[in-house]
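[1] Could you look at this predicted model? Sequence included:
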Protein chains: 2
Amino acid sequence: MLNKEIRLAGRPAGMPTLDNFNIVDADITQLNDGEVSVRTLYISVDPYLRGRMREGRSYVPPFEVGEVIVSGVVGEVVESRAPEFAPGDIVTGMLGWRLYNVARAPELRKVDPRVAPITTALGVLGIPGLTAYFGLLDIGKPKEGETVVVSGAAGAVGTTVCQIAKIKGCRAVGIAGSDEKNQYLTSELGVDAAINYKSPEMSQALKEACPNRIDVYFDNVGGEISDAVLPLLNQGARIILCGQISLYNLDKPDVGPRPQPALLINRALMKGFIITDYAARFGEGVMNLAQWLVAGKLKYAETVVEGFENTPQAFIGLFSGDNLGKQIVKVA
Amino acid sequence: MLNKEIRLAGRPAGMPTLDNFNIVDADITQLNDGEVSVRTLYISVDPYLRGRMREGRSYVPPFEVGEVIVSGVVGEVVESRAPEFAPGDIVTGMLGWRLYNVARAPELRKVDPRVAPITTALGVLGIPGLTAYFGLLDIGKPKEGETVVVSGAAGAVGTTVCQIAKIKGCRAVGIAGSDEKNQYLTSELGVDAAINYKSPEMSQALKEACPNRIDVYFDNVGGEISDAVLPLLNQGARIILCGQISLYNLDKPDVGPRPQPALLINRALMKGFIITDYAARFGEGVMNLAQWLVAGKLKYAETVVEGFENTPQAFIGLFSGDNLGKQIVKVA
């Protein structure tokens, strides 16, 4: 049984390239008691991984050069020395970019294929869905009739945020990078208005799409998109800082209009968060997301790349917006 | 009985000048039932008034050109047609820059001269003290042993914030504009370290003053001072946006490093507020501030300018940091 793994070959300077990754042969470790061997079926690639490829202080330690990249994986148990898992079980966890991983039982969670397709454990019923759920509801606290603006609206988190905003009776306005994505948001997901941030009239279009101004801004992107949002804030607005994908590949601090005056005059809140802070409430989140999914109130999109060796390219593609919804790599 | 009033003669462009104000003779209005005539004793000049001299959207409507400026006033009742007030009572309220104001009774609050000097109703026991109290405790939520950094530390709000931080068992670090002010902060108020923001080594000095980084940042100033604070935030840091005095006289948006990445990687909160949101809790705030004052745990400084006609100059002086503690005009 041949194993392979993908390591960080070097730290990206600016936009990551294929040279930053090594695909190498690897052994399959012998199992100890309490361990499980998992064959990778799907790998999640996520923008936040770019932050872990940089040296320095963040909320998770950086990957070391030479280390295997770790992200969300869905796989099948092939061997188990833990009573909780048996061969054939579908599981998910934060695992290495490997064909086979050995994991300790508490690192894994079973996925029930009867509830929804197992890839949803990496998307709408996984970390991206939970990020949308807790970020929007716990920090954003949207009230019926308010206007919620979402940047990165066509991504895994953004599509879910837009739909939860609609479920809560809000006006949802999405900002994404292509007319096709925006067509999907309005036609398929029921988003009230969608704006292409590549259009030169972005600020004007946003203003027109938000006749009652903006109460909640769920920000996945940052930079100039946020500059256009800030002048439209309502009193008491809430800004959820979920990601700043427009800045991840910059080598020096991004410069722009400071947002403090807009926050001050509107008594607004801006808050960064990391989804693991909500770990104790994941059950509540997954239950609600699954109920909305089953009821047809929540849809999801996936962009699937085939082949383990294409994982780095799928990751790199996130930064040019290649994905609609969740970007996944199908391994086996 | 001659009355005078100070009107906004024109909107300031950049730093306000004396030309932006008119001092004119005025009538004394006849009292209606429920009204009180108040002779001005002290006028409070405050940085936020600059915002009201600008046209456009903010949390309070702008002053119109030709309108009398309104701010905190302490005065003596000279005539009353309201049962709550009698001649000789000392009162405070938001009143016009006039020698005599006519006010409706609910606009006024009695000041007890036996508790503390009556000027404290404009400072440590008034809006600036309450701003410090609720901003720091309700938004900042400082915990014992944490590091609290305060910009505009030698002003009316800042001096109070520094001392409440000490009362709560925090390390307090003040940032102010002169060595004399910083000497006052450390020697008189017990602030742990004070930094002169005009020093070219400000960032380095701040880093050295905060060996455990920064948990709470009470921001009265903004701009480059905040740029120096942001890289030092701890996980879960809280930033209270109270003022942005460094920006009030700029005619175009201030540009600098965007703070969102620092907020994101530290899961930090930044929140603007206006003290009137806490009106229902003013009693609690004044009671605690007064107890600390009586117990000698809370000190205050005042800078007093004499003469009604010097009110505009006292206001202008705020922006060059002429004041230590609360800037007050003594009228009579």
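    Sure thing, it's come through.
[2] Beta-bridge partners for residue A:93, please?
    In this entry, residue A:93 is beta-bridged to residue A:73, by DSSP bridges.
[3] pLDDT on the helix or strand containing residue A:236, on average?
    Take DSSP states H and E as the rule and residue A:236 turns out to sit in strand A:233-241. Averaged over strand A:233-241, pLDDT sits at 97.
[4] okay, that strand in CSV with CA atoms only?
    Presented in CSV, the C-alpha positions along strand A:233-241 are these (Å, rounded to 0.1, in the frame of the first residue of the first chain):
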residue,chain,number,x,y,z
LEU,A,233,-22.8,51.6,7.9
ASN,A,234,-25.9,52.2,10.0
GLN,A,235,-25.8,53.2,13.6
GLY,A,236,-24.9,50.2,15.7
ALA,A,237,-23.6,48.2,12.7
ARG,A,238,-21.7,44.9,13.3
ILE,A,239,-18.7,43.9,11.2
ILE,A,240,-17.6,40.2,11.4
LEU,A,241,-14.0,39.8,10.4
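[5] All the helices of the stretch 101-250 of chain A, residue numbers only.
    Taking DSSP state H, counting those that start in this stretch as the criterion, the stretch 101-250 of chain A carries its helices at A:127-134, A:156-167, A:179-187, A:202-209, A:224-229.
[6] Next, the angle from the third one to helix A:156-167.
    So that's helix A:179-187. Between helix A:179-187 and helix A:156-167, the angle comes out at 30 degrees (axes from the mean of the first three to the mean of the last three Cα atoms, to 10 degrees).
[7] Just name the most buried of the helices of the stretch 101-250 of chain A.
    When the helices of the stretch 101-250 of chain A are scored by mean count of other Cβ atoms under 10 Å in any protein chain shown, the highest mean neighbour count falls to helix A:156-167 (a mean of 28). No exception for glycine: its C-beta is placed from N, CA and C like everyone else's.
[8] That helix: how far from the chain's middle?
    Its chain's C-alpha centre and that of helix A:156-167 lie 12 Å apart, by Cα atoms, centre = their mean, to the nearest Å.
[9] by contact count, what packs against that helix?
    helix A:127-134, strand A:147-151, strand A:171-176, strand A:214-219, helix A:282-294 (3 or more Cβ pairs under 8 Å, 6 or more residues apart in numbering or on different chains; DSSP states H and E).
[10] Show me which residues of chain A sit near chain B.
    Selection of chain A residues close to chain B by Cβ under 8 Å from any Cβ of the partner chain yields A:51, A:57-59, A:219, A:222-223, A:226, A:235, A:241-244, A:247, A:253-261, A:263-274, A:277.
[11] residue contacts, residue A:123?
    A:44, A:129, A:156, A:300, A:302, A:325, A:326, A:328 (Cβ atoms under 8 Å, 6 or more residues apart in numbering or on different chains).
[12] Give me the spatial nearest neighbour of it, chain neighbours excluded.
    Among residues not flanking residue A:123 along the chain, residue A:326 sits closest, at 3.5 Å (Cβ to Cβ, 6 or more residues apart in numbering or on different chains).
[13] Show me what that neighbour is bridged to.
    Beta-bridge pairing for residue A:326 (DSSP bridges): residue A:302.
[14] what number of residues lie near it?
    Number of residues near residue A:326 (other Cβ atoms under 10 Å in any protein chain shown) recorded here: 28.
[15] what about it, distance to residue A:42?
    Taking Cβ to Cβ, to the nearest Å as the measure, residue A:326 falls 10 Å from residue A:42.
[16] residues shared between the contacts of those two?
    Common neighbours of residue A:326 and residue A:42, counting by Cβ under 8 Å, 6+ apart, are A:119, A:122.
[17] So for residue A:247, what's the pLDDT?
    On the pLDDT scale, residue A:247 gets 85.
[18] shouldn't it be in contact with residue B:261?
    Yes - here residue A:247 lies in contact with residue B:261, judged by Cβ atoms under 8 Å, at a distance of 5.8 Å.
[19] Show the contacting residues for the closest residue in space to residue A:199 that isn't next to it in sequence.
    Excluding its sequence neighbours, the residue lying closest to residue A:199 (Cβ to Cβ, 6+ apart) is residue A:205, at 6.5 Å. Listed by Cβ under 8 Å, 6+ apart, the contact partners of residue A:205 are A:195, A:196, A:199.
[20] Was I right to think residue A:272 contacts residue B:259?
    No - with contact defined as Cβ under 8 Å, residue A:272 does not reach residue B:259; the gap is 10.0 Å.
[21] out of those two, which sits in the busier spot?
    Legend: neighbour count by other Cβ under 10 Å for residue A:272 and residue B:259, higher for residue A:272 (30 against 25).
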